[in-house]
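S.K.: build me a model from this:
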Amino acid sequence: MSTTPTSSAFTPSGSTHMAIAEVDRIVVRGKDLCRDLIGQQSFTAYFLFLLTGETPSANLVRVADATMVSLAEHGLVPSVQAARMTLAAAPESVQGAVAAGLLGCGPVILGASETAGQLLIAMLEQSAQQGKSLEDVAKDRLQALRAAKQPLPGFGHPVHKLGDPRATKLIELAEQWGVAGEHVRALQALASQIESVYGRPFPMNVSAAIPAVLLDAGYPAGALKGIPLLARTASLVAHILEEQTRPIGFKLASAAEQAMTYDGPPVAR
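M.R.: Modelled structure (predicted):
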């Protein structure tokens, strides 16, 4: 482990609330890691504690758990294929394979939870400021998105065309646990106006349900993307372990080549 060299010319600036490693202990957000945290908190609870500096409520822990379980694994999605092909090409680089799987997280894959959450927050702010019902605000937002030809985050799915069972389950659990609140209501208002604006239904997917239930449980909005990243990391590690004994990385690459045809300029022979 490297340490920062000491120098009379070095003057540290800034501060952190996170942690400090001392000779005989590690302090994390005001708690002794070995005395107060190891063996006393689940990893999910510890993750939430790291985010907020406060002991999370039981509801927040189980909502965060449920969202990460819902999102961790979904078959050979692009992030998994990227990770497995990377490991096939560089078998020694487990960290590179995990990174490859996470680098594509954006508004289409995995990152839609963040953009959907921002939409729900904006809807609630607009409703409060303008005194409009959530349904009217939802219609305004949907019409603006459609006019701008922008995607609707958290709705539609290439596989779950009749509705995402994960989204249904998360909303059901939030209601069962007494967590569902204004963000779930905003999401339901949004869903109720889609067909009238677009002329056809777009079923809700898990990326819309995740921020709704998390925000209602008290999860910090600025860390919404962290949930899918953390969840998918667990799945990537599992896929990488399987890739070591049941390799398909090169098969995935070969399948991609076979699926494509060359339509560029011909080469003279």
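S.K.: what ranges does this structure have for its helices?
M.R.: 43-52, 58-72, 78-89, 94-102, 112-130, 134-147, 165-176, 182-198, 206-217, 226-245, 249-259 (DSSP state H).
S.K.: which of those sits closest to residue 269?
M.R.: helix 249-259 (21.7 Å; C-beta to C-beta). Quick note: C-beta positions are derived from backbone N, CA and C, even for glycine.
S.K.: correct me, but residue 127 touches residue 137?
M.R.: Yes - contact status for residue 127 versus residue 137: in contact at 4.8 Å, counting by C-beta atoms under 8 Å.
S.K.: contacting residues for residue 221?
M.R.: 117-118, 121, 215 (C-beta atoms under 8 Å, 6 or more residues apart in numbering).
S.K.: show the buried residues in those residues.
M.R.: In the contacts of residue 221, burial by neighbour count holds for 117, 121, 215, counting by 16 or more other C-beta atoms under 10 Å.
S.K.: pretty sure the first one contacts residue 216?
M.R.: No - here residue 117 does not reach residue 216: they are 10.9 Å apart, not a contact under C-beta under 8 Å.
S.K.: intersection of neighbour lists for those two?
M.R.: Counting by C-beta under 8 Å, 6+ apart, the residues touching both residue 117 and residue 216 are residue 183.
S.K.: mind putting the buried ones among the contacts of residue 221 into a markdown table with distance to residue 234 and pLDDT?
M.R.: As requested, the buried ones among the contacts of residue 221 are exported to a markdown table (distance: C-beta to C-beta, whole Å; pLDDT from 0 to 100):
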| residue | distance to residue 234 | pLDDT |
| --- | --- | --- |
| 117 | 21 | 96 |
| 121 | 27 | 98 |
| 215 | 22 | 98 |
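S.K.: and which of the residues you listed is nearest residue 266?
M.R.: Using C-beta to C-beta, these come closest to residue 266 at residue 117, 49.7 Å.
S.K.: how far away is that closest one from residue 57?
M.R.: According to C-beta to C-beta, to the nearest Å, residue 117 stands 19 Å off from residue 57.
S.K.: any buried residues in stretch 36-56, and which?
M.R.: Taking 16+ other C-beta under 10 Å as the criterion, stretch 36-56 shows 37, 41, 44-49, 51, 56 as buried.
S.K.: what's the mean pLDDT across that stretch?
M.R.: Stretch 36-56 comes out with an average pLDDT of 96.
S.K.: for it, what is the distance to the chain centroid?
M.R.: Centroid separation between stretch 36-56 and its chain, computed with C-alpha atoms, centre = their mean, to the nearest Å, is 19 Å.
S.K.: what does that stretch contact?
M.R.: Against stretch 36-56 from outside (C-beta under 8 Å, 6+ apart): 17-18, 28-31, 60-61, 64-65, 68, 218-220, 223, 226, 230.
S.K.: buried stuff in stretch 18-31?
M.R.: Residues 28-29, 31 are the ones in stretch 18-31 that count as buried (16+ other C-beta under 10 Å).
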